[in-house]
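**Q** A structural model of the following input is requested.
(2 chains)
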Amino acid sequence: MTISAGWYLGLSVVLFSIGALGVMIRRNVLVMFMCVELMLNAANLTFVTFARELHDIGGQVLVFFVLVVAAAEVVVGLGLVVAIFRRRANATADDLHLMKG
Amino acid sequence: MVAAFGAVLVAAVGSGHASAVDVGVFAVAAAIIIAGAVGVVVARNPVHSALMLVMTLFGVAVLFVLQRDPFLAAVQVIVYAGAIVVLFLFVIMFLGVDREENIAIEPLRGQRPLAIGLVVLSTTGLLLLGEVSRWTTGAQHVAGIDAGKQSNVYLLGRSVYTTYLFPFEATAALLVIAVVGAVVLARRPPASSNPVDDRTDADAVSPGPLPSGEEPSAPAATTGAATPTADTHADTDTDTDTDTANAAADADADAAIADPVGSPEEARS
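**A** From the prediction side, this is the model:
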């Protein structure tokens, strides 16, 4: 008998909450990206848990796709960060107010 | 603190019907995951945040193995810890932002209590929802059976190349688009653009270059007045342009200074 799915889901909730908290309270853009990765990992853990619980391979395929999307997101996001840092040294999320009306 | 948390978790999870090895592995992995996630959020140095992220990703990979999913665990370690975190570290080092940030300063008043309250509320709600309700519909193996004699990799590969063939092709297109987008974003601006105009529009408070009609006889003075503003926002590729402009302005100023010194000597002789 393995561990019940509820423990995995609870851990996933806690991991997602910590990631969301980090996105809300940190100002460094790179750390905010890492917290987004934490939230994506929490979703991956949920997918794998349900794949085991429902005996369905679809959850694991979705984790595969989430990995691809996370890689693409990180590539484009870090490209944006590099482009922003070229214009302004030492930028935090609060300094990016160029589009403020 | 992590060990105490793990011990409490072992006691809590072990009250069910799980085997001792599974309980121990789950508790240790959960403690590693939560400690790493908290470390990502509270670390002052972005490099430490990235290393804590690696710790969390390894813990998640351990839980994948525990749920009999070894392929995704390997992919998790290779892609996340091997590629994504290395990309993060590369950007941190490349930009030179590995300075420590003082996270005790709260720039927006009331932001942190509000964020913590919101997160605690939603976490409690989700945990209660998972506790009091049935979270599965009872429908099983909709997309394919994850059991039987076939290995996990075989089932995953067959599912990706048959049932999920179109999403698989779409992710290929997505990766190509991401690569092209990254190249376009990282491209240096063309050299023909005016560096002064490009830099000074970032700060609304910075004074623009002096109007050229005011001093028609001294264009070098106008350039000299504009370059200190441009210098603070200049990046590496325009540094050479700014430096040559500065050198030209200095040469003109030297000539202007040397000229009145030279002419009295000529008049004296």
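**Q** Which strands and helices lie in contact with the one helix or strand residue A:85 maps to?
**A** Secondary structure assigned from DSSP states H and E places residue A:85 in helix A:58-87. Helix A:58-87 sits against helix A:29-53, helix B:70-75, helix B:85-95, helix B:152-161, helix B:165-186, with contacts defined as 3 or more Cβ pairs under 8 Å, 6 or more residues apart in numbering or on different chains; DSSP states H and E. Placement of C-beta: from N, CA and C, glycine included.
**Q** need those helices in JSON lines with mean neighbour count, can you?
**A** Shown next, in JSON lines, are these (neighbours: other Cβ atoms under 10 Å in any protein chain shown):
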{"stretch": "helix A:29-53", "mean neighbour count": "23"}
{"stretch": "helix B:70-75", "mean neighbour count": "18"}
{"stretch": "helix B:85-95", "mean neighbour count": "17"}
{"stretch": "helix B:152-161", "mean neighbour count": "16"}
{"stretch": "helix B:165-186", "mean neighbour count": "14"}
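**Q** Helix B:85-95 and the helix holding residue A:85, what's the angle between them?
**A** Relative orientation of helix A:58-87 and helix B:85-95, computed by axes from the mean of the first three to the mean of the last three Cα atoms, to 10 degrees: 0 degrees.
**Q** Helix or strand with the lowest mean pLDDT in chain B?
**A** Each helix and strand of chain B was given a mean pLDDT (mean pLDDT, DSSP states H and E); the minimum falls on helix B:219-233 at a mean of 43.
**Q** Could you dump the helices and strands packed on helix A:58-87 into JSON lines and include distance to residue B:22?
**A** Listed next are the helices and strands packed on helix A:58-87 as JSON lines, based on distance: least, Cβ to Cβ, whole Å:
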{"stretch": "helix A:29-53", "distance to residue B:22": "13"}
{"stretch": "helix B:70-75", "distance to residue B:22": "15"}
{"stretch": "helix B:85-95", "distance to residue B:22": "28"}
{"stretch": "helix B:152-161", "distance to residue B:22": "18"}
{"stretch": "helix B:165-186", "distance to residue B:22": "33"}
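**Q** Among the ones you listed, which comes closest to residue B:125?
**A** Among these, the nearest to residue B:125 by Cβ to Cβ is helix A:29-53 (15.6 Å).
**Q** Is any residue of the closest one near chain B?
**A** Yes - applying Cβ under 8 Å from any Cβ of the partner chain, one finds helix A:29-53 in contact with chain B at A:30-31, A:33-35, A:37-38, A:41, A:44-45, A:48-53.
**Q** Confirm that residue B:134 sits in a strand.
**A** No - Residue B:134: not assigned to a strand; according to DSSP: H, G, I helix; E, B strand; the rest coil it is coil.
**Q** ok, so what distance separates it from chain A?
**A** Residue B:134 sits 11 Å away from chain A, going by Cβ to the nearest Cβ, to the nearest Å.
**Q** Residue A:62 versus that residue, what's the distance?
**A** Distance of residue B:134 to residue A:62, given as Cβ to Cβ, to the nearest Å: 21 Å.
**Q** neighbour-wise, which of the two wins?
**A** The residue with more neighbours, out of residue B:134 and residue A:62, is residue A:62; 21 against 7, by other Cβ atoms under 10 Å in any protein chain shown.
**Q** That's all I had, so thanks and see you.
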